[in-house]
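K.L.:
Need the 3D shape of this:
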Amino acid sequence: MKKIICLVLSLVVAVSLLGGCGSQKETTADGTNTLSGSVSTNGSTSMENVIGALKEQFTNENAGVTISYDATGSGTGIEAVSNGSCDIGLSSRKLKDSETGLTATTIALDGIAVIANSGCGVENLTQQQVADIYLGKITNWKEVGGADLAIACIGRESSSGTRDGFESATSTKDACVLSQELTSTGAVIEAVKNSPNAIGYTSFSAVAGKTDIRVLTVDGVACSEATILDGSYAIQRPFNLVTKDGTTLSAAAQAFVTYASSAEAADLIRNAGAVPAA
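P.N.:
Sure, this is the predicted structure:
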C-alpha cells in the first residue's frame, strides 16, 4: 500500500513540474482562465507599427504574457521561425516556394508607397515608369516631366519583404539598379528626404502623415486604405504571421495569432496604418 501511495505522489509531482514549464493557462479564484508566458516574434521592420499596437493591447488584456519583437527583416524572421529560434515569424511578403513547412496567416494588407523628394518635380508615375526607373532605363527626372536631375534609386536589402513585394509588383525582381541599399524603412525615408533627386519605396503605414517627402500616385491612383483593399493600387503586399508546421504553439502564442487575425483587432491594425484582412 505504501508503494502505491508513493507512486501516486511521484506522478502528481511530475505532472505539476511539467505544467510549470513554458506558457500556460492558469485558473483564477473566480474560475476564469488567464494566460502566462513569453512569446517571441522576429522579422519584418515594416510591421513594427502593427505588431506594436497588437502586442500592447494583447498584453494589457493578458498581464501574464510578454511579447518580444526583433526587427530583423522578413527573410531573417522566416528563417528564425523555421529553425525554432522564435515562436512567430513576421513577413511582409508571401512565402517563397522554397520556404516549406511553414504556414502564413495574413493579418493585414499594406500598400508599398513610392516616395520621392519634392525637388523632383513629379507627382505621378505609371507603374511601367516606376519599373523603368528602377531598371535604369529612365535615369533623369526630366524624362518623366520633372526637374533636370539624375535619379537616385533607393532600395532595401535583399532579405527585405518590402523589396520583395515591390520587385514582384513591378516585375523588377533582382534587376534593380540602386544608388543605395538600406536596411530599414526609416532609413529609406530619411535618404529620400535628404536627397533632392531620390526615389524610394516604403510601407504605406510608415508614410501616413509625412509632409517632408512626396508620396507619388501610381497610374493616377493614390496609395490609401480604400485603394489597397479594392486592389486598384497595384503595388501592395500582405503582412503575415508565420508559424512552423508540426510545432505546437504555446497557449499564449496561439492566443496572440488568433487575436491578431480576428475582427477584434481590425481597428488597431487600421490605426497603425495598414488594412485589416479580417
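
K.L.:
now the end-to-end length of stretch 174-189.
P.N.:
Here the two ends of stretch 174-189 are set 22 Å apart, with distance taken as CA to CA, to the nearest Å.

K.L.:
Stretch 134-147 now?
P.N.:
Taking CA to CA, the first and last residues of stretch 134-147 lie 18 Å apart.

K.L.:
Other residues contacting that stretch?
P.N.:
119-122, 125, 129, 132-133, 148-151, 153, 155, 170, 172, 175-178, 196-197 (CB atoms under 8 Å, 6 or more residues apart in numbering). Placement of C-beta: from N, CA and C, glycine included.

K.L.:
Please, where are all the helices along the chain?
P.N.:
2-19, 48-61, 74-82, 127-134, 161-170, 185-193, 204-207, 225-229, 251-260, 266-271 (DSSP state H).

K.L.:
Let's have those in a markdown table, adding mean pLDDT, mean neighbour count and distance to E99.
P.N.:
Listed next are the helices of the chain as a markdown table, based on pLDDT from 0 to 100; neighbours: other CB atoms under 10 Å; distance: least, CB to CB, whole Å:
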| stretch | mean pLDDT | mean neighbour count | distance to E99 |
| --- | --- | --- | --- |
| helix 2-19 | 40 | 9 | 33 |
| helix 48-61 | 96 | 18 | 20 |
| helix 74-82 | 97 | 24 | 6 |
| helix 127-134 | 98 | 20 | 25 |
| helix 161-170 | 91 | 24 | 11 |
| helix 185-193 | 95 | 21 | 22 |
| helix 204-207 | 86 | 23 | 24 |
| helix 225-229 | 89 | 17 | 24 |
| helix 251-260 | 98 | 21 | 18 |
| helix 266-271 | 94 | 16 | 24 |
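
K.L.:
Tell me which of those approaches N42 most closely.
P.N.:
Closest to N42 of these is helix 74-82 (CB to CB; 4.2 Å).

K.L.:
Please, a PyMOL command that selects the buried ones among the contacts of stretch 134-147?
P.N.:
This is the PyMOL syntax for the buried subset of those, where burial follows 16 or more other CB atoms under 10 Å:
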select buried, resi 120+121+122+125+129+132+133+149+151+153+155+170+172+176+196+197
